[in-house]
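A.B. asks: Got a predicted structure plus its sequence, pasted below:
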Amino acid sequence: MVSTDLVDRFTAGALAAGAEVFRARDVREALAAVALLFEKENVRTAVASRSLLAVAEEGALLIGPSEETEAIAAAQAGLVLADFGAAETGTLVHLDSDDAERLVRTLPPLCVCLLERRKIVPDLESLAGVIADHLGRTGLPGPQVSLVTGPSRTADIECQLTIGVQGPARLVIGLIGGEDA
């Protein structure tokens, strides 16, 4: 069971970093909220990571898996499942097993990321062992760890902030699980 305080701290950090956050009781409710978001924003093409498709119910959304970079880049939205969240900063932690998973999260201009509340930890130090184990895995084409705090931001030498240059311009996080999750 994760404390409400951790969830509230994660939410505050994510909002401060420019992400949007919604809460859902379960995956089905979260996917229904995503479908409404896509309808409202007129999203017609979306891709999902393999990890998310493994937990999503077939037919809940008109999304497709893709391993092809061109198809992922052409999508209006990417839908992914985060492995962990760090409450201290509102950071999503992704333990990627290959480039396709990372690309679904970074190439489309809108990224919707689902995170189970029970996987929120106090800080990144709490995940040091998990991250080390993931990076040490053999048999994966390229294990990677991605830390995502808010939508992509970059500034030039004149301190002109630009959103969405090196990743999605918009990040929506769905926290899954009830108060006792």
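C.D. replies: Right, received. Where do you want to start?
A.B. asks: Give the ranges of residues in the protein that sit below the confidence cut-off.
C.D. replies: 1-2, 54-66, 140-141, 152-167, 179-181 (pLDDT under 70).
A.B. asks: For residue 178, which non-adjacent residue is closest in space?
C.D. replies: Leaving aside its sequence neighbours, residue 178 sits nearest to residue 25 (Cβ to Cβ, 6 or more residues apart in numbering; 5.3 Å). All C-beta spots, glycine's among them, are computed from the backbone N, C-alpha and C.
A.B. asks: How about the backbone phi and psi for that neighbour?
C.D. replies: The phi/psi pair for residue 25 (degrees, to the nearest 10) reads phi -70, psi -40.
A.B. asks: Would you mind measuring from it to residue 74?
C.D. replies: Taking Cβ to Cβ, to the nearest Å as the measure, residue 25 falls 33 Å from residue 74.
A.B. asks: How about residue 145?
C.D. replies: Distance from residue 145 to residue 74, by Cβ to Cβ: 27 Å.
A.B. asks: tell me which residues of stretch 114-125 are tucked away?
C.D. replies: 114, 115, 116, 117, 119, 120, 121, 122 (16 or more other Cβ atoms under 10 Å).
A.B. asks: List of residues touching stretch 91-99?
C.D. replies: With Cβ atoms under 8 Å, 6 or more residues apart in numbering as the test, stretch 91-99 has contacts from 13, 80, 82-86, 101-102, 105, 113, 115, 124, 127, 130-131, 134, 140-149, 173.
A.B. asks: Mark which of these are buried, thanks.
C.D. replies: Here, 16+ other Cβ under 10 Å leaves 13, 80, 82-86, 101-102, 105, 113, 115, 127, 131, 134, 143-144, 146, 148-149, 173 buried among these.
A.B. asks: So which of the residues you listed are in strands?
C.D. replies: 80, 84, 85, 86, 113, 115, 144, 146, 148, 173 (DSSP state E).
A.B. asks: Look up how far residue 138 lies from the first one.
C.D. replies: Okay, so that is residue 80. In terms of Cβ to Cβ, residue 80 sits 24 Å off from residue 138.
A.B. asks: Same check on the fourth one?
C.D. replies: Shown here: residue 86 relative to residue 138, a distance of 26 Å by Cβ to Cβ.
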